[in-house]
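# 3D model of this:
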Amino acid sequence: MADEEEAPAEAVAVEEVQMSVLDALKEVLKKARIHGGLKKGLHECAKALDRRSARLCCLAKDCENEEYKKLIRALCAEGEVHVLMVESGKELGAWCGLAKLEDDGSVKKAVRTSCAVITDFGEETRALSILLDYLQKQASEAEL
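Numbering: from 1, shown residues only. Prediction:
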């Protein structure tokens with residue numbers, strides 16, 4: 001019986017190692033959306049950053065408008081909010097729930113968003129701890 005209890009603990013340890021930062025970000029965005037703590041688009045994000053209610057900001061690398069990126073980065077710097085760069089605005093939009101899905105769960109059509117801000121993480125999850133650890137490492141490397 002003791003052997004049966006130890007096996008799940010080993011499986012959890014293996015699963016923790018395999019979760020990447022992007023997978024953790026997807027899960028955290030989903031939880032924030034469920035709890036009403038996700039803001040999408042320039043207008044909503046700028047308001048949240050200006051009010052200092054933002055906890056994390058995601059910005060798409062493929063955003064063509066440099067002024068857009070400058071504004072978001074400046075607001076994040078002013079409020080000391082971490083910025084995570086995401087490869088594609090379509091990906092970010094899909095992760096934020098701005099997508100139509102096929103029956104099998106794959107993305108059929110995604111609306112692009114260049115910015116998303118989390119104001120409320122929702123609940124403490126393993127994905128959130130992985131993401132926050134990554135952000136702390138990034139911040140400590142930037143200080144050096």
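
# for this structure, what spans make up the strands?
Ranges of strands in the chain, per DSSP state E, are 38-40, 56-60, 82-86, 99-101, 107-110, 115-118.

# Out of those strands, which is the most enclosed?
Comparing these by mean neighbour count (mean count of other C-beta atoms under 10 Å), strand 115-118 ranks first with a mean of 28. Yep, even glycine has a C-beta here, placed from its N, CA and C like the rest.

# Tell me the strands beside that one, with direction?
strand 38-40 (antiparallel), strand 56-60 (antiparallel) (DSSP bridges).

# And the pLDDT at the most centrally placed residue in the chain?
Residue closest to the average C-alpha location in the chain (C-alpha atoms, centre = their mean): residue 25, at 3.8 Å. Residue 25 is assigned 90 on the pLDDT scale.

# hmm, back to that, now render the strands paired with strand 115-118 as a markdown table, adding distance to residue 91.
Output for the strands paired with strand 115-118, formatted as a markdown table (distance: least, C-beta to C-beta, whole Å):
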| stretch | distance to residue 91 |
| --- | --- |
| strand 38-40 | 13 |
| strand 56-60 | 8 |
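
# To residue 108, which of the ones you listed lies closest?
With C-beta to C-beta as the measure, strand 38-40 is the member of these nearest residue 108 (18.7 Å).
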